[in-house]
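[1] Following is a predicted model, sequence given first.
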Amino acid sequence: MTDHVQIQEAIAAYVMHAIDPEERARTEHELLEHLPGCESCSALLRDLRELSGDLALAPDPRPISEVGQARVMAAVTGSRPAATPRAHHAWPRAAAAVVAVAIAGSAAVNIVVASRSSNVERRARAAIAAVALAADPSAHRAVLQGAGGSLVMSVLPNGTGVFIAHGMAAPPGGSVYELWLAQDARYVPVRTFSPDAGDVVLSFRVDPGSYTATAVTVEHRFVRQPTRAPAYFGSIAT
Amino acid sequence: MGRVAEGSADGFSDLYRRYASTAAGLAHRVIGDPVLAEEVSQDVFLSVWRSAAAYDAARGSVRSWLLTQVHHRAVDVIRREDAERRRSFRQPEPIPVDPTEDVVEDAWLRTRRTEIRLALKSISNEQREVLDLAYFGGLTQTQISEKLGIPLGTVKSRTLAAMLKLRDALSGVDR
């Protein structure tokens, strides 16, 4: 679906949260595929997202009960979160473990896997962030070709990225998929994953760099160098 | 919002004071149950407190970021509930023109509220109907198509047309 009117209609439905659940992953993927190369649709997404927030002002406001106020403020003052350094494009913090992987070699690279959506809400939040990222004009993206399904990866110059797939077959029994970014003719591992009913939403952060391609391999476990030829591959458009 | 992202309870308190009643009003309009609506609103504010670092000013206003989360959460709640049973007890609510006197809010928000309501009255009845069913009724576009007996494509095009007209109606108004 590349027709602008269809994309615009999808954007309107998306910001209204009015897409049928079974269509949501496909729509998100279409937006991720289209937005990075289309400034007008990206601007429309920003405008309509703002409008969707404004529609919240139409109903009458309602007074908040004292009990409700007390509950919220007690939770805030009682459990102040630690301030964290904030990147320009930060991601929702996930419950998933944060893993730092030191890559062997003279040019060691630290990679932090930021989050893996592990439930419906987290997935939805990651997808919303992913679509916002796709509308960012500075994002670089790749459409991966391979063994079936529809796969898109977008990454910002600061190393924040997202990988979204739809209709992806499960890996062979006992194995997992591993996502890679290619830089200077070598593969940098991002993380392993398995599709959830064909869908994948991964947000990640890697060291900033000039990545030229992305790939997915089938592995038995997380490895630091691919052991097989990529099942999926895509060049990163710059 | 920067203070909230840095863990400032005072910053969060300001945000809560400014938007809590709006969030509760939206959740009530969508859910139709005052107790559940307040719970949803509270949960979103606490979620915002925990994930404030996710906010990026380059991608939109704090207001939109916050209230969009309230809207999505409220819609998710009614989709999980027995939606048809719940709706059968709800009466259509006209869009007010003047802000209520019951809640004290700052002048800017009060003015913006009036602008949004007037803009909603500027679109056609058919356009307002699909927006109302989607945004405040929590129906998906397929459900709207079935409810109104019109093609899904018409629902999609009508929704886009309505939002473009609203955007244009509000484009000359300062935010």
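    Right, received. Where do you want to start? Residues are numbered from 1 along each chain as shown, chains lettered A, B, ... in the order given.

[2] residues of stretch B:127-146 that come out buried?
    Judged by neighbour count (16 or more other C-beta atoms under 10 Å in any protein chain shown), stretch B:127-146 contains these buried residues: B:127-141, B:143-145. C-beta here means a position set from N, CA and C on the backbone, and glycine is covered the same way.

[3] Now do that stretch, average pLDDT.
    Mean per-residue pLDDT for stretch B:127-146: 96.

[4] Also stretch A:31-41?
    When pLDDT is averaged along stretch A:31-41, the result is 83.

[5] Can you mark which positions in it are buried?
    Residues of stretch A:31-41 classed as buried by neighbour count (16+ other C-beta under 10 Å): A:31-36, A:38, A:41.

[6] how about a markdown table for those residues, with distance to chain B added?
    Shown next, in a markdown table, are these (distance: C-beta to the nearest C-beta, whole Å):
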| residue | distance to chain B |
| --- | --- |
| A:Leu31 | 14 |
| A:Leu32 | 15 |
| A:Glu33 | 19 |
| A:His34 | 15 |
| A:Leu35 | 12 |
| A:Pro36 | 15 |
| A:Cys38 | 16 |
| A:Cys41 | 12 |
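
[7] Chain A next: which of the buried residues of stretch B:127-146 are close?
    Applying C-beta under 8 Å from any C-beta of the partner chain, the subset of those adjacent to chain A comprises B:131, B:134-136, B:138-141, B:144.

[8] tell me the secondary structure for A:Val188?
    Classification of A:Val188 using DSSP: H, G, I helix; E, B strand; the rest coil returns strand.

[9] Could you look up the SS state of the spatially closest residue to A:Gly148 that is not a sequence neighbour?
    Distances taken as C-beta to C-beta, 6 or more residues apart in numbering or on different chains place A:Ala169 nearest to A:Gly148, at 5.9 Å, with adjacent residues excluded. Following three-state DSSP, A:Ala169 is assigned to coil.

[10] How many residues are close by A:Ala169?
    The local packing of A:Ala169 (other C-beta atoms under 10 Å in any protein chain shown) involves 12 other residues.

[11] what sits against it?
    By C-beta atoms under 8 Å, 6 or more residues apart in numbering or on different chains, A:Ala169 lies in contact with A:147-149, A:195, A:198.

[12] element containing A:Ala58, please.
    If you go by DSSP states H and E, A:Ala58 is not part of any helix or strand.

[13] measure the nearest residue to A:Pro208 once chain neighbours are set aside to chain B for me?
    Spatial nearest neighbour of A:Pro208, chain neighbours left out: A:Gly159 (4.4 Å); criterion: C-beta to C-beta, 6+ apart. Separation of A:Gly159 from chain B (C-beta to the nearest C-beta, to the nearest Å): 15 Å.

[14] Does A:Gly159 touch A:Tyr211 like I think?
    No - A:Gly159 is beyond contact range of A:Tyr211, at 9.1 Å (criterion: C-beta atoms under 8 Å).

[15] More neighbours: these two, which one.
    A:Tyr211 (23 against 19).

[16] What backbone torsions are found at that one?
    phi -80, psi 140 (degrees, to the nearest 10).

[17] That one and chain B: what is the separation?
    A:Tyr211 is 22 Å from chain B, where distance means C-beta to the nearest C-beta.

[18] how far away is that residue from A:His140?
    Plainly put, A:Tyr211 is 7 Å away from A:His140 if you go by C-beta to C-beta, to the nearest Å.

[19] Model confidence score at the residue nearest to A:Pro208, please.
    84.

[20] Same question for A:Arg24.
    Here, the pLDDT recorded for A:Arg24 equals 82.

[21] count of neighbours near the residue lying closest to A:Pro59 once chain neighbours are set aside?
    Spatial nearest neighbour of A:Pro59, excluding adjacent residues (C-beta to C-beta, 6+ apart): B:Arg29 at 3.8 Å. The tally of other residues near B:Arg29 (other C-beta under 10 Å) stands at 23.

[22] Quick check: B:Arg29 is in a helix.
    Yes - if the criterion is three-state DSSP, then B:Arg29 is within a helix.

[23] Find the nearest non-adjacent residue to the residue of chain B found nearest chain A, please.
    Closest to chain A within chain B is B:Ser64: 2.8 Å, counting by C-beta to the nearest C-beta. Closest residue to B:Ser64 apart from its sequence neighbours, by C-beta to C-beta, 6+ apart: A:Gly53 at 2.8 Å.

[24] so that neighbour touches B:Arg63, yeah?
    Yes - counting by C-beta under 8 Å, A:Gly53 touches B:Arg63, with 5.7 Å between them.
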